[in-house]
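# what follows is a predicted protein model with its sequence.
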Amino acid sequence: MGILSRFLGAAVVAALSISPAKAQQLTVWHDLGDNGIKWFEAMGAEFAKTKPGVTVRSLSFPTDQWFGRVISALNTDTAPNLIFNNYERVIRIQNQTGKVMDLKAALAAVNDKAFLSEDDLRVATFKGRQIIIPIQRVQMAFGVRKSWLDKNGGKFPDNWDEVKVLAVAFRDKDPDGNGQADTFGMALQAAKPRDLIHMLDLFTFGSGLRHTLIDPDGKITIDQPAHAQVLEEFLKTYSTHKFVAPDTINHSFGEMYQVIEGGRGGMFRVGDWNVKKWDGANVLNGDFVSGPWPKFAADRENAVVIGGMRGIAVPENAPNKALAIEFAQFMLSKPAQQASLENVGAAVRKDLDVSTLSPRSQYFAKAGHKLVAYDFPESIHSFYPELEAAFHRKLLSGISNPPADWKAFIAETAKEMRELAAKLKG
Amino acid sequence: MNAALDTIWRGRIFYLFVLPFAALTILFGVWPILLSIQVSFTASATALRPNPTYVGFANYFTVFADPIFLASLWRTLVYTALSVLANLAFALAFAVLLDSTLIKRGNLFFRLAIFLPVVTPDVAGYVVWRWLYDRSFGALNALLKMLGLPAFSGLSSADTAMLSLLIAELWHHAGFYMIIFLANLAIRDKALEEAAHIDGATTWQRWRYVILPQLRPALVINTVYALIQFLKTFTVVVVMTKGGPNDQTNFVTYYAYQLFDQGRYGEATAMATILFAIVITISMSAFLIGEKGAKR
């Protein structure tokens, strides 16, 4: 019996000594779909090289479900190790839970981060807290159908006047050559508040201005001369200029993409995440070219807009927080960023290998153009979504029934927004 | 007390079978509704926290002071009234036609054709309707153009958007109401009609005083069901108009959803609760009116 127990004891010791490092699993919740799952798999494999036994499991939810699940998990202490999403969405999680960790110290501990610009960090900070580590810069450029452009001089439009000339040609000159009047100058969207104001944001920031509706001090900006000029032309694009499909007033992202991918819109927004799909043979087959948004005044510098920042956040009540933070830091490393670029089409590092990417993807990956970051007024003014919804409603009323005098309409809108902002602030 | 317990004991087998379903209804039906009502009494910023701040009826006061909500509520009621009338009238007319001897050949085909949209996934159906109405490539305007008629603005105009939704929903729902009417028509007592005919009643009189009273069960069920259905109209708006143009199809459910999307949980659930109360009140009233008529 004694011999047997000693033998068993030795066997247990031997088994323990040869067993691998303790297995640990990190769970990440995101909304990036299959590409995101592949990206986290690739990063997990790379991370395991220095952390044997650690696996990374990612779960992708539709965005609206992601909100609900994250909020309830953080509020009930059943949080995952990490959450990944856009900055403004993580703000909403923080507002509803107060349980998103301040990652300032974690980011400070990363040595290799010189590639992060001031704008990158600004769109990762909320009320003095580093609520995400910025991982993917979301760039949005102005795109033009290349074959249509080539038929109309081939010069990428630099200013609004050039855009207007092209928009008329794309609408009236049958650029796809099918003999039917079924093409439009632009593909935009308008149905929901974020749809319309997002488009206006791109024209505003891309043309060198800041603060589409309200500035950080709470001042309404839309009737400032430069802003009013952009807004007036933007509204005319949907109405009197007739540059967009007649049903655009009901178009959201899905319908806008149908116009673009169906080959009916000549100029449109190109997000860095769109390129991989649009390079596809059954979509646009790479028949588009990207550049900065048009400028509305000669003395302004136009730019590509950083319309968002996707980043990794750690819940305060996450299990195994130390390892979660380590993984969050790892996501800024070159291998993790390379995997990000290859799987999701975006990253923040500029020293990645882009040789395998198409020229259209390289445009974003190299980020050689001027970049301007969107200001995320919701991070400063908690009432912004309500103000934006009212602004949207007012602009849609103008688009539905175009006024004779747009300047008066803008002045009236500004007055109403000031009154509403004052009320909401109070 | 003993009598009550005795009644329960005698029906114990029935209660045993009902219990799992009652539990599921409470868990997935009643409990979420109660939670939603609870959220409507909290401040939006803290609504989903474990210890929310309760604000009494503040969200309800805000909602009733909101002109967009009031307009949305009025629009919902108008749309519901028009849709209920249109659906029931269309369904009844078609049911009578199919029940008559006028359509003998192809009767089954027509029944299937009218009922098929009911089993078609609503989102898929409404996407096709959106394309049909499309101003630039829609089949409807292509047909009108071919016939030399003016274009139909459809979903892109504030004047015609609600009508466009009504037609799409009519296509989707009318078949269901028609089946209920058909079932009721099949079990009516035809001898009464023959008797009325022999007594010299006109066609209209036979309809008004003999057939229609016999269709009361189907009318009550269809009216109550249609009221509930159209007061809660949501999917068609999400797919086809997103509340536009210019808020003309912004019904209460969609407006509440928009507020929810903006993180205004308290107001959104207050609206949902108000709509819930309206749905219950109107449906119960319609049911009781129908029942009262049946007893007379």
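Now that the structure is in, tell me what you want to look at.
# what about the chain, any weak spots by pLDDT?
If you meant another chain, say so; for now it's chain A. Residues of chain A that meet the criterion pLDDT under 70 lie in A:1-22.
# should've been chain B
B:1, B:294-296.
# wait, isn't residue B:171 in contact with residue B:117?
Yes: in this structure, residue B:171 is within contact of residue B:117 by CB atoms under 8 Å, at 5.2 Å. The way it works is simple: take the backbone N, C-alpha and C, and place the C-beta from them, glycine included.
# mind listing the shared neighbours of those two?
Listed contacts common to residue B:171 and residue B:117 are residue B:125; contacts here mean CB atoms under 8 Å, 6 or more residues apart in numbering or on different chains.
# spatially, what comes nearest to residue A:301 if we skip its sequence neighbours?
In space, and not counting its chain neighbours, residue A:301 is closest to residue A:208: 5.1 Å by CB to CB, 6 or more residues apart in numbering or on different chains.
# dump the residue contacts of the one you found.
A:295, A:297, A:300, A:301, A:302, A:303, A:372.
# quick one, domains of chain A?
Listed by automatic domain parsing, the domain ranges of chain A are A:23-137+A:310-367, A:140-306+A:378-425.
# the longest one: end-to-end distance?
The separation between the terminal residues of domain A:140-306+A:378-425, taken as CA to CA, to the nearest Å, is 31 Å.
# again with stretch A:398-416
Using CA to CA, one end of stretch A:398-416 lies 14 Å from the other.
# hmm, who's touching it?
So stretch A:398-416 is contacted by A:190, A:220, A:222-223, A:228, A:231-232, A:235-236, A:238-240, A:249, A:390-391, A:394-395, B:157-158, B:244-246 (CB under 8 Å, 6+ apart).
# ok, residue A:71 - contacts?
Contacts of residue A:71 by CB under 8 Å, 6+ apart are A:93, A:96, A:97, B:48.
# going through the residues you listed, which ones are buried?
Neighbour counting by 16 or more other CB atoms under 10 Å in any protein chain shown classes A:93, A:96, A:97, B:48 among the contacts of residue A:71 as buried.
# can you tell me the closest non-neighbouring residue to residue A:210?
The nearest residue in space to residue A:210 (CB to CB, 6+ apart) is residue A:375, at 6.1 Å.
# burial count for that neighbour?
Neighbour count of residue A:375, defined by other CB atoms under 10 Å in any protein chain shown: 21.
# that one and chain B, how far apart?
Noted for residue A:375: a distance of 18 Å to chain B, by CB to the nearest CB, to the nearest Å.
# tell me which residues of the longest helix belonging to chain A come out buried.
Counting by DSSP state H, the longest helix found in chain A is helix A:406-425. For helix A:406-425, burial by neighbour count (16+ other CB under 10 Å) applies to A:406, A:409, A:410, A:413, A:414, A:417, A:418, A:420, A:421.
# how about a markdown table for the residues you listed, with distance to residue B:56 added?
Listed next are those as a markdown table, based on distance: CB to CB, whole Å:
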| residue | distance to residue B:56 |
| --- | --- |
| A:406 | 44 |
| A:409 | 39 |
| A:410 | 40 |
| A:413 | 34 |
| A:414 | 35 |
| A:417 | 30 |
| A:418 | 30 |
| A:420 | 24 |
| A:421 | 26 |
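# closest to residue B:40 among those residues?
residue A:420 (23.3 Å; CB to CB).
# what residues does the stretch 301-426 of chain A have near chain B?
Selection of the stretch 301-426 of chain A residues close to chain B by CB under 8 Å from any CB of the partner chain yields A:382, A:385, A:386, A:389, A:393, A:396, A:397, A:399, A:400, A:401.
# could you list which of the residues you listed belong to helices?
A:385, A:386, A:389, A:393, A:396, A:397, A:399, A:400.
# re the thing from before, tell me the contacts of the residue nearest to residue A:210?
Taking CB under 8 Å, 6+ apart, one finds A:205, A:210, A:211, A:216 in contact with residue A:375.
# count the neighbours of residue A:86 for me.
Residue A:86 has 20 nearby residues by other CB under 10 Å.
# now for it: which residues touch it?
Residue A:86 touches A:138, A:308, A:309, A:310, counting by CB under 8 Å, 6+ apart.
# run the last query once more with 10 Å
A:31, A:63, A:92, A:123, A:132, A:136, A:138, A:307-311, A:376 (CB atoms under 10 Å, 6 or more residues apart in numbering or on different chains).
# now the strands: where do they sit in chain B?
Per DSSP state E, chain B carries no strands over any range.
# quick check: longest helix of it.
helix B:67-99.
# and it, how far out from the chain's middle?
8 Å (CA atoms, centre = their mean, to the nearest Å).
# and it, what does it pack onto?
helix A:384-400, helix B:58-64, helix B:107-119, helix B:161-186, helix B:216-231, helix B:252-261, helix B:265-295 (3 or more CB pairs under 10 Å, 6 or more residues apart in numbering or on different chains; DSSP states H and E).
# is it true that residue A:73 touches residue A:83?
Yes: assessed by CB atoms under 10 Å, residue A:73 is found in contact with residue A:83 at 8.8 Å.
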